[in-house]
Each structure stands twice: as structure tokens, then as C-alpha cells.
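Trainee: Sequence first, then the predicted structure, then my questions.
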Amino acid sequence: MTGTDKSIPISAETGPVVILVDPQMGENIGAAARAMLNCGVTELRLVNPRDGWPSDRAVSMSSGALERMPPVKVFNTTAEAIADLHYVYATTARPRDMVKEVFTPRTAAEDMRVRHNRGERVGMLYGAERMGLVNEDVALASAVITIPLNPGFSSLNLGQAVLLTCYEWLMTGDNTPGQQLVIGDTPPATQGDMDALYNRLETELEERRFFRAPEMKPTVVRNLRALLVRAQMTQQEVNTFHGIISALIGKKLQD
């Protein structure tokens, strides 16, 4: 088993369990662990790893993830690995002759979150790198996850598959704004700050006969205001703009 006293779960919640069935290479196990911890998923189980466990190659490829996660549990069979779980999703790209609900990673994550919130433990099964899950493993699962990809090339490695599904889980509990303006320590300019800047700019342009066609002045002024509004200026930027105007006025007066 892998795990030290330095194990630091990235999240206090208990997320889905990731179960790798018959993984063939330690590097792929490590890549899967790295993808898991990127998304706050920390419990990894292995079923019959080909090269045994623990694996130095897995630890190296995980970039420190395995050292920060709880010890990996190893099982002889898939049935043993999922025995304590309430609901299990089998990830597979191939259609099966079984009647099972099929989810995308996004809808599966939403379903997992509902189950998680009512106290159920859920898990995701991933098959061996070369052939995926066998029918006997899929039959044990409650539902199937199929990742919609380019029909002409839908090949994923194990780490990619784990990342895609775990990321969707992370997003169901994430509150990061879809878009935000990062302005650092300076506050955004108020409407009063901007109005003062508009008025000063208009006055200085008027005094220097910028508006050569009086009938076009309202349109030009509106365009200038719209330009500055789009800039979403901070107070510091407004002050800088005032400084630019002052510098240009001084140069003009000297000329």
C-alpha cells in the first residue's frame, strides 16, 4: 500500500471512489492518481494490478499525488472492490448487450452529487488500458458512463478518462465564477469617477477644437464613453488617465 503520514486530502468531503480494474502499467496508475487529486477525488482502489503493488513507477508518475492520498487498497476481484458501495458507474466506450442507464460524464456527476448528498457511496470503474472493462465487470455496475468524443477517433488513455470524469464531479460542487475581472488591490472605478473622467476629456477636447464637425460631436462623445465603459477601469487606471490628459495639456500649452 502507498501512503504516508503526509497524506493531505484536498477536500474534506468523501467523493466518488475510483476503481481501476486490471491496470497494466504503474505509470498509468500514477497518471490516474494525479488526475484524481487535481479534482479533489482521493480514494483509489486497484483490482489485480498486473505488475503488483506498490509501484515506484506509479508514485513517480503521480507527481506527489499518491503521497497525499489515503493508502491505495488492492483487491483480487471487482466484486470485492465495490462491495461497500451503493452505486457504481462503469466507464466504457463500447455498447453492451445489457439494459443499463447510460450517462455522459456530466450527467453522471450530477447523479453522483445527488446520491452523495443523501449519504450514498458511489464509485467509478475503469478497465485495463488495452481492452477496457470486460462484460462481467460491466454487469456488476449500476449504470454506464460513455464519454462522447470524435467518432472517428475516440481513444483515451486511462489518465485522460479519469480526469474527464473526475473533473465533472468537481464542477458539480465548484462555485468559481464563469468569468471575472481580476483587478488586484485597487478597487474598481465608481460611476462618479468615470463621469468626471468623461467630462474632463470632453472639455479638453472641446477647448482644443477636436470636434471639427459640431453635428458629429454627440456621436463621437457617445463612442468615447462606450470605449471607456468597456475598459472596466479601476480607480488607479482612472487616475493614470487623468495624468495622461494633464501631461498632454501641459505639452500642448508649452508648444
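Mentor: Yep, it's here. Residues are numbered from 1 along each chain as shown.
Trainee: list the contacts for residue 24?
Mentor: 50-51, 128-130 (Cβ atoms under 8 Å, 6 or more residues apart in numbering). Heads up, the C-betas are built off the backbone N, CA and C, glycines and all.
Trainee: at 6 Å what do you get?
Mentor: 50, 128-129 (Cβ atoms under 6 Å, 6 or more residues apart in numbering).
Trainee: Give me the distance between it and residue 103.
Mentor: 26 Å (Cβ to Cβ, to the nearest Å).
Trainee: now residue 70
Mentor: Counting by Cβ to Cβ, the gap from residue 70 to residue 103 is 26 Å.
Trainee: what do you get for residue 120?
Mentor: From residue 120 to residue 103 the distance is 15 Å (Cβ to Cβ).
Trainee: Comparing the two, which shows the higher neighbour count?
Mentor: Higher neighbour count among residue 120 and residue 103: residue 103, with 20 against 12, using other Cβ atoms under 10 Å.
Trainee: Where do the helices of the chain begin and end?
Mentor: Ranges of helices in the chain, per DSSP state H, are 26-38, 56-61, 65-68, 78-81, 105-117, 135-140, 158-172, 191-207, 217-230, 235-254.
Trainee: pLDDT weak spots in this structure?
Mentor: Low-confidence segments of the chain (pLDDT under 70): 1-13, 94-96, 251-255.
Trainee: Domain-wise, how is it divided?
Mentor: 17-172, 191-254 (automatic domain parsing).
Trainee: Need those in TSV (columns: distance to residue 178).
Mentor: Formatted as TSV, those follow (distance: least, Cβ to Cβ, whole Å):
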stretch	distance to residue 178
domain 17-172	11
domain 191-254	16
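Trainee: among those, which is the most enclosed?
Mentor: A comparison of those by mean neighbour count, using mean count of other Cβ atoms under 10 Å, puts domain 17-172 on top with a mean of 18.
Trainee: so how far is the first residue of that one from its last?
Mentor: Domain 17-172 has an end-to-end distance of 16 Å (criterion: Cα to Cα, to the nearest Å).
Trainee: Stretch 170-180 now?
Mentor: First-to-last distance for stretch 170-180 - Cα to Cα - comes to 20 Å.
Trainee: Any buried residues in that stretch, and which?
Mentor: For stretch 170-180, a neighbour-count test (16 or more other Cβ atoms under 10 Å) marks 170, 172 as buried.
Trainee: which outside residues touch that stretch?
Mentor: By Cβ under 6 Å, 6+ apart, stretch 170-180 touches 39-40, 109-110, 113.
Trainee: Identify, from these, the entry nearest to residue 144.
Mentor: residue 109 (14.1 Å; Cβ to Cβ).
Trainee: Contact partners for the closest one?
Mentor: 168-169, 172.
Trainee: one more time with 10 Å
Mentor: When contacts are counted by Cβ atoms under 10 Å, 6 or more residues apart in numbering, residue 109 touches 16, 89, 103, 116, 124, 145, 165-173.
Trainee: center of this protein - which residue?
Mentor: residue 167 (5.8 Å; Cα atoms, centre = their mean).
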